[in-house]
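A.B. asks: Could you work out the structure for the sequence below:
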Amino acid sequence: MTVATAPDILRSAGLTAVVEDTWNLTPLGEFPAAAPVIVWHHDASPVGPSPGALDWIKNAYRAQDPSAQFWVDTAGVWHCIGKGLAWHAGKVLPGMPGNHQAVGIETDHTVGEEWPDELLDSLRKGTAALLKEWGHSPQQGLWFHKQICDPPGRKSDPDGLDIDQERDAVQRLMFPPVVSPSTPSSPSTDPTAPEADVTPDQIKSAVVAALASPSGQQAIKVAVDARLEAQFGNAEDPKSLLNRGFGRRVRAEVRAALRDFLGGKK
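C.D. replies: Predicted coordinates for the structure are as follows:
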């Protein structure tokens, strides 16, 4: 799990990722975190497609000036600028992720501009794929520049987006909800309605799938740490299954299944 694997992760998610000629350069040194978090930015370029921004950000990366590791254009194409450290965050508030903990994703966007559907959809999908591979929930792993900057108000990017809404959107992509025969297609308004059943075999199958994947151990850790409020996801996805808030009884079954398959570890 390193920044260097990002192009392959993005392509595996069905996205177009262009590896620029600066990608393997590390003018400021290697990125220090094995599993970085993500900060979204906008580049304040003119309204509409601004292809010239790509050369600007690549040149800035080479020159050790403020830049970022990625740039997403209005068509949703990911341009992989550099796998090394980049000055994208500036001064951040105490406890917030900075340049040594987070990669920066610049976007072809500016203040007051409508977000192109292709750009925003690709940004969300790519962020979901990277966070899933790097072992972070959106609540832990997705941040806005305007949210982390010090002093507050110093930055406005990404303009027009709400962090809670975007984290929810990324969460749904990481753990897509499914409708099963025992689950109504629309949420019940009856507060006494019973929880949807999740069988121990489903839970154990999810754990087996997790252990069979290269990042299974990390997947299980993230699942247990994730919010209980998350919606029920695909039973074949261990993080989706374990991430749903389906009550103490099923949570206990999850823990029991984990102990079985992890040889007694909790």
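
A.B. asks: Roughly how far does Thr16 sit from Pro46?
C.D. replies: Between Thr16 and Pro46 the computed distance is 23 Å (C-beta to C-beta, to the nearest Å). Every residue, glycine included, has its C-beta placed from N, CA and C.

A.B. asks: And Ile57, by the same measure?
C.D. replies: Computed with C-beta to C-beta, the distance linking Ile57 and Pro46 is 15 Å.

A.B. asks: out of these two, which sits in the busier spot?
C.D. replies: Ile57 (28 against 12; other C-beta atoms under 10 Å).

A.B. asks: If we go by neighbour counts, what in the host helix or strand of that one is buried?
C.D. replies: Using DSSP states H and E, Ile57 maps to helix 52-62. Buried residues in helix 52-62, counting neighbours by 16 or more other C-beta atoms under 10 Å, are found at Ala53, Leu54, Trp56, Ile57, Lys58, Ala60, Tyr61.

A.B. asks: can I see the domain layout of this protein?
C.D. replies: 3-174, 200-261 (automatic domain parsing).

A.B. asks: Compare these and say which comes out lowest on pLDDT.
C.D. replies: Lowest mean pLDDT of those: domain 200-261, a mean of 53.

A.B. asks: which residue packs closest to Ala60, ignoring adjacent ones?
C.D. replies: Spatial nearest neighbour of Ala60, chain neighbours left out: Ser67 (3.9 Å); criterion: C-beta to C-beta, 6 or more residues apart in numbering.

A.B. asks: all strands for the chain, in order.
C.D. replies: Per DSSP state E, the chain carries strands over the ranges 17-19, 37-40, 70-72, 78-80, 102-107, 142-144.

A.B. asks: want to try JSON lines for those, with mean neighbour count and distance to Lys91 as columns?
C.D. replies: Output for the strands of the chain, formatted as JSON lines (neighbours: other C-beta atoms under 10 Å; distance: least, C-beta to C-beta, whole Å):
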{"stretch": "strand 17-19", "mean neighbour count": "17", "distance to Lys91": "30"}
{"stretch": "strand 37-40", "mean neighbour count": "24", "distance to Lys91": "13"}
{"stretch": "strand 70-72", "mean neighbour count": "27", "distance to Lys91": "21"}
{"stretch": "strand 78-80", "mean neighbour count": "22", "distance to Lys91": "26"}
{"stretch": "strand 102-107", "mean neighbour count": "26", "distance to Lys91": "14"}
{"stretch": "strand 142-144", "mean neighbour count": "23", "distance to Lys91": "14"}
